[in-house]
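Peer 1: sequence plus predicted model, see below.
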Amino acid sequence: MLSKKYRFFLIVNAFLLLLLTVACLFPILNVLAISFSSKAAVSAGQVSIWPVDFTLKSYDYVFNNVSFLTSFIVSIKRVILGVGINMVLSVLVAYPLSKEAQDFGSRTWYAWFFVFTMLFGAGLIPGFLVVKETGIMDSIWALVLPGAIPVFNVLLIMNYMRTLPKALEESSFMDGAGHFRTLWTVYLPLTLPSLATVALFSLVAHWNAWFDGMIYMNRPEHYPLSTYLQSLLQFDSMNQTNMSLEQAKMMQFVSNRTARAAQIFVSALPILLIYPFFQRYFVKGLVVGSVKG
Amino acid sequence: MQTKKNKRVKWIALLVVASLVLVAACSNNSNKEVNPSNSPDNPSANAPADTGPLSKYDPPIALTAVKDDSSKSFLPEGETVENNVWTKGYEDELGIKVTYDWVVPTANFGDKMNVTLAGGDLPDLMSVNGTQLKQLIEADKVEDLTSVYETYASPLLRSMVEADDKLGMKAVTFDNKLYAIANYTGVLDSAPMIWIRQDWLKKLNLEAPKTMQDVIAIAKAFTNNDPDGDKKNNTFGFVIAKGLHQDWMLQPTSFFNGYHAQLGSWVKDTSGSSYVYSSIQPEVKEALAQLQQFYKEGVIDPEFGTKDIDKALETVNSGKAGMIFGPMYAPFNIGEVIKTNKEADWKAYPVVSIDAETAYAQTPAPNSNAYVVRKGYEHPEALIKLLNFQVEKMYGESSVTERKKYTGESDQAWHAAVVSVLPPNKNVKAQINVSEALKANDPSKLNTEEKGYYDGILKYRAGDMTQWWNERIFGPESSQGVLKDYMDHNLTIANDYIFANTKTMDSKKATLDKLELETFTKIIYGAVSIDEFDKFVENWKKLGGDQITQEVNEALKK
């Protein structure tokens, strides 16, 4: 039997969480409704969370829009390459760093080396120069290599690995396995929850990143999806107090809120769909690494 | 232990060496790229024999540039931003092979340009804004174009670049050296006006406004007298948005102009000897007081302070407001209501005065975009030739036969030209010509662009509501008609400061603009009394305004 106070707490809690959910859901539903509504209804402000004058025109436009589709493919490429590289390198870095200092002499030095990059960045221009001079400008590598090792993810995996009993490693060595084999057959299967968490982090990060696309890419057809979307949205808010007739005309051409909403929704969809599959690992992966048992 | 440490040192050394090799390899590469242009490979032999504005290079020269992709929706099938009728024309007729280092969407152009400038690897030809131009000149990275402009510019190009007393040129001339060709489009198009729902005026038996008092009366009538006829008190007199005059639409500047106040401009003070910032002048206070009064009476949307342009326009397009203060291109934004309500019609009216004195419409500093040539490029005159080429094909003698080819069905394909200037204030001329053609029923004298507006008006009159904007921007009673009125009677007042930001502006202007916006919004909301304005003026001066005023005066006295 629950105490009265506790029941009251549960109700209030549920109510607050519900409110939070609605607050999160409402903008998404609004965008969805706009994407299914007619242009006139949208510009008259009649659309909230239910489509007015239901139409599929915007989706027709989106799926026939070459720029959108090429950017979509670039984004998918980026995610596959980027997440792959992130994962391989994070694991390779995290494994040695998870060792005790007596087994790996300069562990502390290396750990600080990586943490340092997390705390201090060189800034935009040096980053741009490095990308330019290494000759990866305007290629997919400019999007995946500069952030190849997400240090925060490394720390998560490292902490998780340190919670595993040392005896596992010792017995593996005793059976004649080297470091690589131990990592591959013993550690990786056991760190799966944290790997899933980290993979989701880097997936979302790669999918949403737009700024690097904007400064490193030299052709719009090389833009990842989020950069493409950003350039669409930015057009509206160009900080200008005076425009020419040509710009105004162009703006009318570009500023199509229903089509924009459809593109936003389609681009958010993959992440929305992937989330549930990762979620079961999510909490476990984040928390387990933090408590040493 | 010892060996372990040695091993580590070895590895680090190896890494360092490897990275050095990598760096060296890369810098070698770039050296190779630069070398051919640097070598004394007789650039004079490449120079054209004559200095005609459109003479051809033989052998052809190469020119790198950068571009926005605004033309992509206007080019015919098979042509791209990088390979189209323009680039072909440059190569065939001028012997200039234009290639692009990068092409990005218009929205990202400024940012991309900034990192390119910082990266140091400049294209031969660039389009830059005022601040970037200033930086380039200070770093000595751009060519002085004075002499090539004098030698090569065609009379047609001159007529455009030097229009309005060389206003556009002045903004890019420093120490009597012309560093850039300004993309001067004229400032008249940016003059504010008042847009009123014509059908509401008629319904409430109101006259067109002749004075500011009329405007106030109309605003009140639109609010209280049920102009939309649904027997509910659910309309607003007019609409403003949270950005007030610092946004691209719905700026209440024409309202303030009626009180002889300008917003965000630099104007001569009453003595005429020095320049002052217009937003802190006492006239502004009067206009603000009236807006505060309006807010209290429900003439303004009570939520205006949270609404951006899109949101505020919803009120207009759902037929809940009957007046806006805005620029000549407003029909693109307020025309949605026409499509759903056939009765609806907006009409533009000029700024009117609150008293016996004439009211002037304020115009901003000219668009500061300009074309520059990288210092060290062997053919700085190529920029002038490219411009000569573009204006000739669009407005010169050859335009009769070739304009269509270069501007396409949409007449907008000129966005693909690597550099372009348009005749300043061409829209006013278009309105005059279109109105005459409509009267005479004879479009034969119109150019392609004007013919497009003419056809649009005929379509609208035949019932095609999507073409309505043609009538109200270019028709006999239109926004360009209002601008013509301004021009004919000299009814505009310019922003005298036409240069890039001064030093203190760079550091303080954003804060001051914010202060201005917040104070004005609070006053209109009635959250503070109108006398807060005086405090704002003091603060503005203290927080860097005085410094800026001084710098502006110095810059303008030069």
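Peer 2: Received the coordinates, thanks. Numbering: from 1, shown residues only, chains lettered A, B, ... in the order given.
Peer 1: mind giving me the domain split of the chain?
Peer 2: Using chain A. Here the domain parsing of chain A from automatic domain parsing is A:20-55, A:62-288.
Peer 1: hmm, I had chain B in mind actually
Peer 2: B:44-185+B:367-416, B:190-364+B:469-557.
Peer 1: can the shortest one be found next to chain A?
Peer 2: Yes - in this structure, domain B:44-185+B:367-416 sits against chain A according to Cβ under 8 Å from any Cβ of the partner chain; the contacting residues are B:69-70, B:73, B:101-108, B:111-112, B:115, B:118-119, B:121, B:185, B:367, B:412, B:415. From N, CA and C alone the C-beta is placed, and that goes for glycine too.
Peer 1: among the residues you listed, which are in strands?
Peer 2: B:101-104 (DSSP state E).
Peer 1: which one of those residues sits closest to chain A?
Peer 2: B:W102 (3.5 Å; Cβ to the nearest Cβ).
Peer 1: for the residue in the stretch 251-400 of chain B that chain A sits nearest to, give me its contacts.
Peer 2: For the stretch 251-400 of chain B and chain A, the shortest gap (Cβ to the nearest Cβ) falls at B:E314, measuring 3.0 Å. Each residue near B:E314 by Cβ atoms under 8 Å, 6 or more residues apart in numbering or on different chains is listed here: A:43-45.
Peer 1: where does pLDDT dip in chain B?
Peer 2: Scanning chain B for pLDDT under 70 picks out the ranges B:1-50.
Peer 1: isn't B:A221 up against B:F238?
Peer 2: No - contact criterion Cβ atoms under 8 Å: B:A221 and B:F238 do not qualify, at 11.7 Å.
Peer 1: who has more neighbours out of these two?
Peer 2: Taking neighbours as other Cβ atoms under 10 Å in any protein chain shown, B:A221 and B:F238 compare with B:F238 leading, 28 against 21.
Peer 1: near chain B, which of the contacts of B:E314 show up?
Peer 2: Checking the contacts of B:E314 against chain B (Cβ under 8 Å from any Cβ), the matches are A:43-45.
Peer 1: dump those to TSV, plus pLDDT and secondary structure.
Peer 2: Shown next, in TSV, are these (pLDDT from 0 to 100; DSSP: H, G, I helix; E, B strand; the rest coil):
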residue	pLDDT	secondary structure
A:S43	77	helix
A:A44	77	coil
A:G45	78	coil
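Peer 1: burial of the residue in chain A that chain B sits nearest to, as a residue count?
Peer 2: Nearest residue of chain A to chain B, counting by Cβ to the nearest Cβ: A:G45, 3.0 Å away. As a burial measure, A:G45 scores 17 neighbours (other Cβ under 10 Å).
Peer 1: same question, B:V104
Peer 2: B:V104: 26 neighbours (other Cβ under 10 Å).
Peer 1: same check, this time on B:D189
Peer 2: Around B:D189 there are 24 other residues, counting by other Cβ under 10 Å.
Peer 1: and B:D92, by the same measure?
Peer 2: B:D92 has 11 nearby residues by other Cβ under 10 Å.
Peer 1: do you know how far it is from B:E381?
Peer 2: Distance, B:D92 to B:E381, using Cβ to Cβ, to the nearest Å: 19 Å.
Peer 1: how about B:T131?
Peer 2: Taking Cβ to Cβ, one finds B:T131 at 26 Å from B:E381.
Peer 1: and A:P96, by the same measure?
Peer 2: 62 Å.
Peer 1: all strands of chain B, in order?
Peer 2: B:61-68, B:96-104, B:125-128, B:173-174, B:177-178, B:181-182, B:193-197, B:266-268, B:275-277, B:323-326, B:346-349, B:361-363, B:370-373, B:492-494.
Peer 1: mind listing the strands for the stretch 151-293 of chain A?
Peer 2: With DSSP state E, counting those that start in this stretch, there are no strands along the stretch 151-293 of chain A.
Peer 1: can you show me the helices along it?
Peer 2: Along the stretch 151-293 of chain A, the segments classed as helices by DSSP state H, counting those that start in this stretch run A:151-163, A:166-174, A:179-181, A:188-190, A:192-208, A:211-216, A:225-236, A:245-254, A:257-288.
Peer 1: including mean pLDDT, distance to chain B and mean neighbour count, could the ones you listed go into TSV?
Peer 2: Output for the helices of the stretch 151-293 of chain A, formatted as TSV (pLDDT from 0 to 100; distance: least, Cβ to the nearest Cβ, whole Å; neighbours: other Cβ atoms under 10 Å in any protein chain shown):
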stretch	mean pLDDT	distance to chain B	mean neighbour count
helix A:151-163	91	19	21
helix A:166-174	90	19	13
helix A:179-181	93	16	12
helix A:188-190	89	26	13
helix A:192-208	90	17	20
helix A:211-216	93	5	21
helix A:225-236	80	4	21
helix A:245-254	67	4	18
helix A:257-288	78	7	16
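Peer 1: closest one to A:K4 among these?
Peer 2: Evaluated over those, closeness to A:K4 peaks at helix A:257-288, with 29.9 Å, by Cβ to Cβ.
Peer 1: name the residues of the stretch 1-150 of chain A found near chain B, please.
Peer 2: A:39-40, A:43-46, A:105-106, A:124-125, A:128-129, A:132-135, A:138.
Peer 1: and stretch A:38-48, which residues are buried?
Peer 2: Neighbour-count burial for stretch A:38-48 flags A:38-45, A:47 (criterion: 16 or more other Cβ atoms under 10 Å in any protein chain shown).
Peer 1: of the residues you listed, closest to B:K242?
Peer 2: For the buried residues of stretch A:38-48, the nearest to B:K242 is A:G45 (15.7 Å; Cβ to Cβ).
Peer 1: which residues does the residue nearest to the spatial centre of chain B contact?
Peer 2: For chain B, the residue nearest the mean C-alpha position is B:N367 (4.9 Å; Cα atoms, centre = their mean). Each residue near B:N367 by Cβ under 8 Å, 6+ apart is listed here: A:242, A:244, B:182-185.
Peer 1: go again using 6 Å as the cut-off
Peer 2: B:T185 (Cβ atoms under 6 Å, 6 or more residues apart in numbering or on different chains).
Peer 1: likewise B:Q480?
Peer 2: B:Q480 touches B:427-428, B:431, B:473-474, counting by Cβ under 6 Å, 6+ apart.
Peer 1: now the closest residue to it other than its chain neighbours: how far from B:A359?
Peer 2: Leaving aside its sequence neighbours, B:Q480 sits nearest to B:Q431 (Cβ to Cβ, 6 or more residues apart in numbering or on different chains; 3.4 Å). Applying Cβ to Cβ, the value for B:Q431 to B:A359 is 22 Å.
Peer 1: how many neighbours does residue 106 have?
Peer 2: No chain in the question, so chain A it is. 13.
Peer 1: hmm, no, I was thinking of chain B.
Peer 2: B:T106 is flanked by 20 other residues according to other Cβ under 10 Å.
Peer 1: what bridges to the residue lying closest to it once chain neighbours are set aside?
Peer 2: Sequence neighbours aside, B:D68 is the residue nearest to B:T106 in space, at 4.3 Å (criterion: Cβ to Cβ, 6+ apart). For B:D68, the beta-bridge partners are B:V104 (DSSP bridges).
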